[in-house]
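Colleague: please work out how this folds:
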Amino acid sequence: MARNLKQNIEIKIILDSRERDETLLKTIKMDKSFKSDKIKICQIEKKCFKALGVKTSTGDLGIEYRFEGETRWKKTKLSIELKRDADIFSTLYSNIKRFRKELDRSDKYDLDFYILHNWTFNQIKEHIVKLQKKKRIGYKSQPFLTFLNNYLDVTKRCAVVNCGDNFEETIRRIIKIHILKNKLQYNVDKQLKL
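Modeller: I've put the predicted structure just below:
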């Protein structure tokens, strides 16, 4: 009987080249060694991000992995959309049609899709008031209710996480959950014969 052994796995974070905010390049710390879970985040690279099987870039961040000692990186189905500050409001208020196309792609390709944002609903309400004072949004349109309806609709399709300004820890946790859920650490080519 053969059984799969849990392998040390190296992770390379891919940040899409279209992502203008490069804060993550500076804040995500690389692991010096493998942790007790046999996972080591060892690189971050900025390039066009396309998850496994996807022809069009979907999401801002994903991962590639390899087993310790290997040279070839493998893609995964993990895709994370990053929404900092007012970006979550503009995406789910005025850009919702375009964003639904991205969600449709994540469904079509069966991606493990997450949306991370840092603004609370109170911050969004404050932002709306500022836009209304500048006459960029009307008072009668009920922008917060439109935003909230779209937000709740999106949460039915994928995970939406308000991580405050703790993007780094949340991304690390999502990566580890993805690895465990998909059993990526089990190399079927390396089996122990019992």
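Colleague: pretty sure Ile179 sits against Glu64.
Modeller: No - between Ile179 and Glu64 there is no contact, the gap being 11.9 Å when judged by CB atoms under 8 Å. For every residue, glycine as well, the C-beta is placed using N, CA and C.
Colleague: now name the helix or strand holding the spatially most central residue of the chain.
Modeller: In the chain, the C-alpha nearest the mean C-alpha coordinate belongs to Ile80, at 1.4 Å (CA atoms, centre = their mean). Here Ile80 sits within strand 78-83, counting by DSSP states H and E.
Colleague: what helices or strands is the following helix or strand past that strand leaning on?
Modeller: Following strand 78-83 in sequence order, the next helix or strand is helix 87-93 (DSSP H and E). Helix 87-93 makes packing contacts with strand 112-117, helix 121-133, helix 143-155 when contacts are defined by 3 or more CB pairs under 8 Å, 6 or more residues apart in numbering; DSSP states H and E.
Colleague: contacts for helix 87-93 next, please.
Modeller: If you take CB atoms under 8 Å, 6 or more residues apart in numbering as the criterion, helix 87-93 is touched by 83, 99, 115, 117, 119, 124, 127-128, 143, 146-147, 150-151, 154.
Colleague: any shared contact partners between Ile179 and Glu64?
Modeller: With CB under 8 Å, 6+ apart, Ile179 and Glu64 have common neighbours Ile11.
Colleague: so in this protein, which helix runs the longest?
Modeller: Assignment by DSSP state H gives helix 167-181 as the longest helix of the chain.
Colleague: tell me the angle that one makes with strand 78-83.
Modeller: Angle, helix 167-181 to strand 78-83, by axes from the mean of the first three to the mean of the last three CA atoms, to 10 degrees: 160 degrees.
Colleague: what about helix 167-181, distance to the chain center?
Modeller: Averaging C-alpha positions (CA atoms, centre = their mean, to the nearest Å) puts helix 167-181 9 Å from its chain's average.
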